[in-house]
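Novice: Sequence and predicted structure are below.
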Amino acid sequence: MSEARIIDGKAFAAKLREQVAADVQALKVEHGVTPGLAVVLVGDDAASQVYVRNKGEQTLAAGMHSETHRLPADVSQDDLLALVGKLNADPSIHGVLVQFPVPDHLKQSDIVAAISPDKDVDGLTVTNAGRLASGLPALTPCTPLGCMMLLKDALGDLRGKSAVVIGRSNLMGKPMAQMLLAADCTVTIAHSRSQDLPGIVRQADIVVAAVGRAEMVKADWIKPGAVVIDVGISRFPSRDPVAAAAGKTRLVGDVAFDEVKAVAGAITPVPGGVGPMTIACLLANTVTAAKRLNGIGA
Ligand SMILES: Nc1nc2c(c(=O)[nH]1)N[C@@H](CN(C=O)c1ccc(C(=O)N[C@@H](CCC(=O)O)C(=O)O)cc1)CN2
């Protein structure tokens with residue numbers, strides 16, 4: 001059997017960003033609307049700083065308005081919620097996002113609940129989660145949205161496929177399962193407590209690994225020809241001791257890529273697979289929110 005096709009998320013995301021930029025241009029010319037995205041970063045988590053910087057740069061590159069609000073790690077919940085309230089009321093802002101994780105003294109569910117569902121470009125509010133689960137138009141979480149785009153591109157019609165999602169977070173596993181269900185897949189959500197995880201995964205035509213455990217999914221878990229989407233990002237010191245001493249890291253997914261690619265039909269790498277889709281889908285969600293807030297068919 002031949003090796004898996006490597007799904008190039010970086011190239012796909014670049015194309016999506018071009019499409020978003022064209023939509024932004026049309027919105028400006030035809031409706032005088034410039035989509036605006038506000039990102040709130042609390043504290044100094046190193047990875048979050050990179051993601052937030054990239055969000056700001058890519059928002060501007062797509063022709064949108066971008067704001068980044070940096071708050072100290074010891075900001076109070078009240079001050080954070082007051083900022084979210086201000087952004088909810090700001091007509092130049094169509095998307096509001098608080099970067100996760102936040103420091104332990106802040107309550108993630110209360111922060112999400114404070115975001116207006118109409119501006120919830122992360123798709124995390126109960127309103128948007130409920131709308132997704134009910135088959136109603138919703139803003140949906142960016143990473144699973146990106147996974148769906150890659151899956152549809154790889155497989156075409158997903159109807160009737162058996163899909164296993166490993167992981168049950170609100171940001172990834174649960175919305176991923178809802179999106180696969182909406183595409184008429186037969187969906188199983190598995191997690192770290194599932195019994196016989198390898199046996200469950202082996203039934204799947206589509207495997208989405210979002211459990212956060214480096215290289216957990218092995219080759220003998222995979223049905224030959226299955227499409228494997230790796231959402232995990234674990235960071236380890238570089239294998240090169242000199243680079244490691246200089247603080248260089250390498251990224252590892254939830255899937256043992258080198259062995260699984262010999263069995264799968266198609267597979268996303270880490271880095272360069274799902275990750276770049278997250279920000280591209282955030283830009284697309286911001287355009288969707290801007291259209292809906294201005295009563296423009298979306
Ligand atoms: N409010 C949110 N917080 C977080 C989300 C989110 O969707 N909303 N997701 C992640 C972080 N994230 C975006 O915020 C994100 C993760 C990964 C990438 C990415 O491009 N990854 C690259 C590797 C980049 C690197 O070197 O670290 C890849 O996989 O190729 C973009 C965005 C958690 N928080």
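Specialist: Alright, I've got the coordinates.
Novice: can we go C-alpha only for contacts and neighbour counts from here?
Specialist: OK.
Novice: Which stretches in the stretch 101-250 of the chain count as helices?
Specialist: 108-114, 126-134, 142-155, 173-182, 197-201, 241-245 (DSSP state H, counting those that start in this stretch).
Novice: Which of those sits closest to L16?
Specialist: Closest of those to L16 is helix 142-155, at 9.9 Å (criterion: C-alpha to C-alpha).
Novice: Tell me which of the helices of the stretch 101-250 of the chain lies nearest to E259.
Specialist: helix 197-201 (14.8 Å).
Novice: how does this protein divide into domains?
Specialist: Listed by automatic domain parsing, the domain ranges of the chain are 32-116, 142-277.
Novice: can you list the residues of the stretch 1-150 of the chain near the ligand?
Specialist: Residues of the stretch 1-150 of the chain lying close to the ligand (C-alpha under 6 Å from any ligand atom) are Y51, L97, V98, Q99, F100, D122, C142, T143.
Novice: ok, back up a step: now the domains of the chain as JSON lines including distance to R5, mean neighbour count and mean pLDDT?
Specialist: Shown next, in JSON lines, are those (distance: least, C-alpha to C-alpha, whole Å; neighbours: other C-alpha atoms under 10 Å; pLDDT from 0 to 100):
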{"stretch": "domain 32-116", "distance to R5": "27", "mean neighbour count": "17", "mean pLDDT": "98"}
{"stretch": "domain 142-277", "distance to R5": "4", "mean neighbour count": "20", "mean pLDDT": "97"}
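Novice: Compile those into a markdown table and extend it with columns for distance to K291.
Specialist: Below are the domains of the chain laid out as a markdown table (distance: least, C-alpha to C-alpha, whole Å):
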| stretch | distance to K291 |
| --- | --- |
| domain 32-116 | 8 |
| domain 142-277 | 17 |
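Novice: which residues of this structure fall in strands?
Specialist: Ranges of strands in the chain, per DSSP state E, are 5-6, 36-42, 65-71, 95-98, 162-166, 186-190, 206-209, 227-230, 234-237, 249-252, 266-267.
Novice: I am finished for the moment; much appreciated.
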